[in-house]
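1. let's see this in three dimensions:
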Amino acid sequence: MRDEGGGAGRRAGARRLALLAAALLVPAAASAQKLTVDPMRPPAGIGAGGADAERDTGGGIRLQTVMISPTQRAAVISGVMVKLGEKFGEAVLVRVSESEVVLKSGSAQQVLKIHPDVEKRESGKARP
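-> Residues are numbered from 1 along each chain as shown. As a prediction, this is how the structure comes out:
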């Protein structure tokens, strides 16, 4: 003897399963779209993510990083790696320190700072 409601029950179960699968996939797809933003990126206005990071200094030339090792000094200036003593355009990289570099062209010198808007100063005496 065959159960006449079995076919309808299976179809209803299949529909429920399809609805459950759709309900689970829609939030997953929506969250995948939200992940296109880097979760580790600082908020706008802070550090590398701020507008100051995009501002050029010194006529469009920007110091991005310095590399100092016991055997070599170099800097990345406007996307170009320049070793101490090498040329960047018409200027020669003559000094590399932790926070700035110096380019010399003839008698003119140009100082590029990693953080041009930040000045170091003493804050006072440390408490014991």
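2. I'd like the distance between Phe88 and Gly79.
-> With the distance defined as Cβ to Cβ, to the nearest Å, Phe88 ends up 11 Å from Gly79. In this view, the C-beta of every residue, glycine as well, is placed from N, C-alpha and C.
3. how about Leu19?
-> For Leu19, the distance to Gly79 - Cβ to Cβ - is 53 Å.
4. cool, and Arg62?
-> In this view, Arg62 and Gly79 are 9 Å apart by Cβ to Cβ.
5. ok, back up a step: more crowded one of Leu19 and Gly79?
-> Between Leu19 and Gly79, counting by other Cβ atoms under 10 Å, Leu19 is the more crowded of the two (10 against 7).
6. which helix or strand lies directly C-terminal to the one helix or strand that one maps to?
-> Here Leu19 sits within helix 6-34, counting by DSSP states H and E. Remark: after helix 6-34, the chain's next helix or strand is strand 63-68, criterion DSSP H and E.
7. flag every buried residue along that following strand.
-> By neighbour count with 16 or more other Cβ atoms under 10 Å, strand 63-68 contains the buried residues 63, 66.
8. that one pairs with which strands, parallel or anti?
-> According to DSSP bridges, strand 63-68 forms sheet pairs with strand 73-77 (antiparallel).
9. could you export the strand it pairs with as PDB, CA atoms only?
-> Extracted in PDB, the C-alpha atoms of strand 73-77 (Å, rounded to 0.1, in the frame of the first residue of the first chain):
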ATOM      1  CA  ARG A  73      71.000  53.700   3.300                       C
ATOM      2  CA  ALA A  74      68.200  54.300   0.900                       C
ATOM      3  CA  ALA A  75      64.800  56.100   0.500                       C
ATOM      4  CA  VAL A  76      61.700  55.700  -1.500                       C
ATOM      5  CA  ILE A  77      60.900  59.100  -3.000                       C
END
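10. residues contacting it, please?
-> 61-67, 81-84, 88, 93, 96, 101, 103, 112 (Cβ atoms under 8 Å, 6 or more residues apart in numbering).
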